[in-house]
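Colleague: okay, structure incoming, though there's no sequence with it:
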């Protein structure tokens with residue numbers, strides 16, 4: 001049961017990152033994305049650094065595995081995300097806040 005709860009936490013976290021990215025793309029009028037994976041690319045360089053975009057993209061890929069059950073869930077990967085990669089989500093939050101502060105007066 002706990003394992004599923006942790007997997008769900010990763011899923012919801014990544015979906016929140018994608019939702020915020022979609023809002024930024026819309027509000028910044030960056031054009032229509034080709035798909036959900038395009039949201040991060042469109043804010044790369046303006047809101048997020050490219051390295052972070054790549055890391056979050058990898059997390060999104062793992063989220064797809066969790067949701068669609070493409071293959072057996074790698075418990076070590078779940079642990080790695082929760083202990084190490086979660087810092088990338090914190091960095092995302094801080095980058096978005098910093099971007100909003102910079103553009104607040106525009």
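Modeller: Alright, I've got the coordinates. Since this is a predicted model, take the numbers as computed values, not measurements.
Colleague: quick one: list the elements packing against the helix-or-strand element of the chain with minimal mean pLDDT.
Modeller: Of all helical and strand segments in the chain, the minimum by mean pLDDT, DSSP states H and E falls on helix 75-80, at a mean of 90. With contacts taken as 3 or more C-beta pairs under 8 Å, 6 or more residues apart in numbering; DSSP states H and E, helix 75-80 sits against helix 2-27. No exception for glycine: its C-beta is placed from N, CA and C like everyone else's.
Colleague: what do you get if the cut-off is 6 Å, keeping everything else the same?
Modeller: Here helix 75-80 is seen to pack against no other helix or strand when contacts are counted using 3 or more C-beta pairs under 6 Å, 6 or more residues apart in numbering; DSSP states H and E.
Colleague: tell me the pLDDT at the spatially most central residue of the chain?
Modeller: Central residue of the chain (C-alpha atoms, centre = their mean): residue 17, 3.9 Å from the mean position. pLDDT recorded at residue 17 is 98.
Colleague: how near is it to residue 80?
Modeller: 17 Å (C-beta to C-beta, to the nearest Å).
Colleague: ditto for residue 60
Modeller: 15 Å.
Colleague: residue 33 now?
Modeller: Distance from residue 33 to residue 80, by C-beta to C-beta: 28 Å.
Colleague: what do you get for residue 73?
Modeller: From residue 73 to residue 80 the distance is 12 Å (C-beta to C-beta).
Colleague: do residue 37 as well
Modeller: Counting by C-beta to C-beta, the gap from residue 37 to residue 80 is 21 Å.
Colleague: do residue 72 as well
Modeller: 16 Å.
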